[in-house]
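**Q** The following block contains a protein sequence and its predicted model.
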Amino acid sequence: MKNKKSILAWVLALVAVCAFFLALYLSNKPKAEAGTKAYTLEVVDNEGQSKVYTGKTDAEFLRGVMDELAAKGDFSYEGTEGAYGLMIETVNGVTADYAKDGAYWAIYVNDEYGMYGADAQPVTDGDAFKLVYEGASAQ
């Protein structure tokens, strides 16, 4: 009987720790900004070539901006949905294959390395985003 109480105590402690970390995550996750916002999105490909897109959006997260640009036809992206959201694999026809050569598409926000993926990166007025091909083939 003592063994069962000990196991129950450990399970309850584990649940409490998980609840604490969930609450911590929810209180610190990025907050979306409603309303129209101006943005700049620069794409730097594997050859160092840059293309800049500017506009206004009501999208709350970067992926929404990317979807809007793709709908206009001058921008394209593809990726894989995973546990952490969209993993960007191809931008404007340039594919980064991490398994092959360590290349990936990095997200920068206001010249700082992004801490979130496209699905979770909030858009605020005046943000400057960059999608940069990084890896073995990048110049």
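**A** Nice, I can see it.

**Q** I'd like the distance between Tyr113 and Trp10.
**A** Distance, Tyr113 to Trp10, using CB to CB, to the nearest Å: 39 Å. (Glycine included, C-beta is placed from N, CA and C.)

**Q** same thing with Leu86?
**A** Leu86 is 37 Å from Trp10, by CB to CB.

**Q** who has more neighbours, those two?
**A** Set side by side, Leu86 and Trp10 show more neighbours around Leu86, with 18 against 10, by other CB atoms under 10 Å.

**Q** Quick one, grab the pLDDT at the closest residue to Ala96 other than its chain neighbours.
**A** Excluding the flanking residues, the one nearest Ala96 by CB to CB, 6 or more residues apart in numbering is Ala103, at 4.0 Å. As predicted, Ala103 sits at a pLDDT of 96.

**Q** Gln139 too?
**A** pLDDT, Gln139: 51.
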